[in-house]
Each structure stands twice: as structure tokens, then as C-alpha cells.
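Visitor: Pasting the sequence and the predicted coordinates here, then a few questions.
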Amino acid sequence: MEIAVIGGTGTLGALVVAELARRGHQVRTISRGAAAQQHGVTHYQADVRTGAGLDAALAGVATVLDAVNNAKGDAEVLVAGTRRLLQAEARAGVGHHVAISVVGCDRLPLGYFRAKAQQEEVVTGGPVAWSLLRATQFHSYVAGMLAGAAKWRVSPRGQARVQPIDAGVVASRLVAAIEAGPVGRLADIGGPEQLTLTQAARRWCAVTGRRLLPLYLPLPGKAGAALRQGVLCTAETPAHAGNTFAEWLARQTGAAGERGRSEYARS
């Protein structure tokens, strides 16, 4: 069947596209900009913000995975864009819409999470049969946040709880959902361990070897209380959910080191 991945050039979307192609599916990626050629994958340009190009991009498609994300919680992309996408899917006769969301988004009163919860409502009330998976934050997201703080030579500390997961594990779960057909809400997926911000930051510093000034971040109000209570974590820690945060960091650091050594040897 023909499968379209909206946001197929992003972190998660690219992993899903690669796995679908390996399994022999006909895959097309859809994004606002141009994309590099991939064997067995076609690319269309379209924009959920305006709807431009969506009808042509979805013609003949059986299933759509929406992997578009917007870290700022732009409702024009996540909410109105999803509505435009679903309307275009209905016109094209798409039979299955697969959505990725965030664990706890409906219980955290912050902009991005509010937008994700609203996006879910658009999907579940929309015109296309759907499957929806909530996942915890990716390892790369948590690492990027800590690396951003390190530019200011600080390491954040706090009791906010996270449960980071390898994006590859989430991608595999989404591919299985695509192949299974619409089932509604899927079981939430989270990483193999829950960490406080302090624990995650210490692991990041230990693996990267950075010496930074610890900076405690207070968590006021309802949002702070929800984060301390683990609203972004799954109810249970799964037995098999990929590498821990420290293991993932070590793998990334090792890969970077190997690339650096290879470049040095060629110079």
C-alpha cells in the first residue's frame, strides 16, 4: 500500500520512512522543503500551515503518518494544520491516519502540550479512521536541552521527572501501527527508566565529560507540581523500551568520536 509520511525528513519521520522502505512498502515523504533522493521513496512538497500541495501529495495514498512537530506549540501548525491535513485526506480517500503525541499532554498546562492535546481532539473527532500513539520525550530532546544549557556553562537541576526514549523504538511502534490498520488509542510508550532533571543532567555531564555549574530550576505553580509528579512519564516503566539515556549518550558520543578519528586519519 502507498504510505505518506508528513514530516518524513524530521528526526522521527525519517526513521519511520527508512523502516517502511526496508519492509517493502511504497513510501512518499511530504515536507515543506526539498528532500534528498532516497531509494524507493518519492517526495512531495506541501505545507499543512496553508494547505498548499496537500491534495496532489495525498493522491492515491492509503495511510498517512503525521510526524510534523513544532516545538513552540504553534497551533496554526499542530491544530489548524492537522485539520487541513485530515480534510485533504478525506478528499483523497485515505483510510488510516496515524498520529504521534506526547504522554501527559492533556495534564500539563503549558503551551506546547496544550496544542498537542488540541491536536489529538482534531484527530479523534476528524473524518478519517485513526490510530494515536503517545510517547515520552526522545533521548535527543533531553540531550539537546542539556546541551543548550551547557552553552551557558550551567547544568540544570530539579525534580521534574522525565522518561526519555530512543526515537527508533517509537518509530518501530508506529510502523507496526501503520501495518495493523486503525485501532484508535494505542498503549502509551516510554523509555526504560524515569529520571529527575538532576539525574538526567548528571548522566549527561558524566558521559560528555563537561564540568558545569549546577543551576537549580524552581518549578512553581500547577505546571511545576505536575512535572514533579511525573506527568510526562508512563504509569509503568516498560521492560523493553530500548537504551537508557546514559547508554544512548554513550553510543552517540562513541559514534562522534569514531567520525572524528576517521576524519583525522584522512587528513
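Guide: Received it, and whenever you're ready, just let me know what you need.
Visitor: Next, the residues that contact the helix or strand containing residue 20 from outside, please.
Guide: Secondary structure from DSSP states H and E places residue 20 in helix 11-22. If you take CB atoms under 8 Å, 6 or more residues apart in numbering as the criterion, helix 11-22 is touched by 3, 5-8, 27, 29, 38-41, 65, 67, 69, 100, 138, 140, 167-168, 170-172, 174-175, 178. C-beta here means a position set from N, CA and C on the backbone, and glycine is covered the same way.
Visitor: Just the buried ones among those residues, please.
Guide: For the contacts of helix 11-22, a neighbour count by 16 or more other CB atoms under 10 Å gives the buried set as 3, 5-8, 27, 29, 38, 41, 65, 67, 69, 100, 138, 140, 167-168, 170-172, 174-175, 178.
Visitor: In strands, which of these appear?
Guide: Secondary structure assignment by DSSP state E places 3, 5, 6, 27, 29, 41, 65, 100 of these in strands.
Visitor: Apart from its chain neighbours, what residue comes closest to the first one?
Guide: In space, residue 3 comes closest to residue 63 once its chain neighbours are excluded; the distance is 4.9 Å by CB to CB, 6 or more residues apart in numbering.
Visitor: ditto for the last one
Guide: Spatially, and ignoring its direct neighbours in sequence, residue 100 is nearest to residue 133 (5.6 Å; CB to CB, 6+ apart).
Visitor: Quick one: mean pLDDT over the helix or strand where the one you found lies.
Guide: Following DSSP H and E, one finds residue 133 within strand 130-135. Average pLDDT, strand 130-135: 97.
Visitor: sorry, back to before: go ahead and measure how far the helix holding residue 20 is from the middle of the chain.
Guide: Helix 11-22 sits 12 Å away from the centroid of its parent chain (CA atoms, centre = their mean, to the nearest Å).
Visitor: how about that helix: buried residues?
Guide: Buried-residue list, helix 11-22, by 16+ other CB under 10 Å: 12, 13, 14, 15, 16, 17, 18, 19, 20, 21.
Visitor: Pull it out as PDB, backbone CA atoms only.
Guide: Extracted in PDB, the C-alpha atoms of helix 11-22 (Å, rounded to 0.1, in the frame of the first residue of the first chain):
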ATOM      1  CA  THR A  11      14.000  13.000  13.400                       C
ATOM      2  CA  LEU A  12      11.100  10.600  13.800                       C
ATOM      3  CA  GLY A  13       9.700  10.700  10.300                       C
ATOM      4  CA  ALA A  14      13.000   9.800   8.700                       C
ATOM      5  CA  LEU A  15      13.300   6.700  10.900                       C
ATOM      6  CA  VAL A  16       9.800   5.600  10.000                       C
ATOM      7  CA  VAL A  17      10.400   6.200   6.300                       C
ATOM      8  CA  ALA A  18      13.500   4.100   6.400                       C
ATOM      9  CA  GLU A  19      11.800   1.200   8.200                       C
ATOM     10  CA  LEU A  20       8.800   1.200   5.900                       C
ATOM     11  CA  ALA A  21      11.100   1.200   2.800                       C
ATOM     12  CA  ARG A  22      13.100  -1.700   4.300                       C
END
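Visitor: Mind listing the residues bridging to the residue nearest to residue 3?
Guide: Per DSSP bridges, residues listed as beta-bridge partners of residue 63: residue 3, residue 96.
Visitor: That one: what's it in contact with?
Guide: Counting by CB under 8 Å, 6+ apart, residue 63 makes contact with 1, 2, 3, 4, 94, 95, 96, 97, 98, 178.
Visitor: make it 7 Å
Guide: By CB atoms under 7 Å, 6 or more residues apart in numbering, residue 63 lies in contact with 1, 3, 94, 95, 96, 98, 178.
Visitor: Residue 62 is in contact with the fourth one, correct?
Guide: Yes: in terms of CB atoms under 7 Å, residue 95 counts as a neighbour of residue 62; the distance is 5.7 Å.
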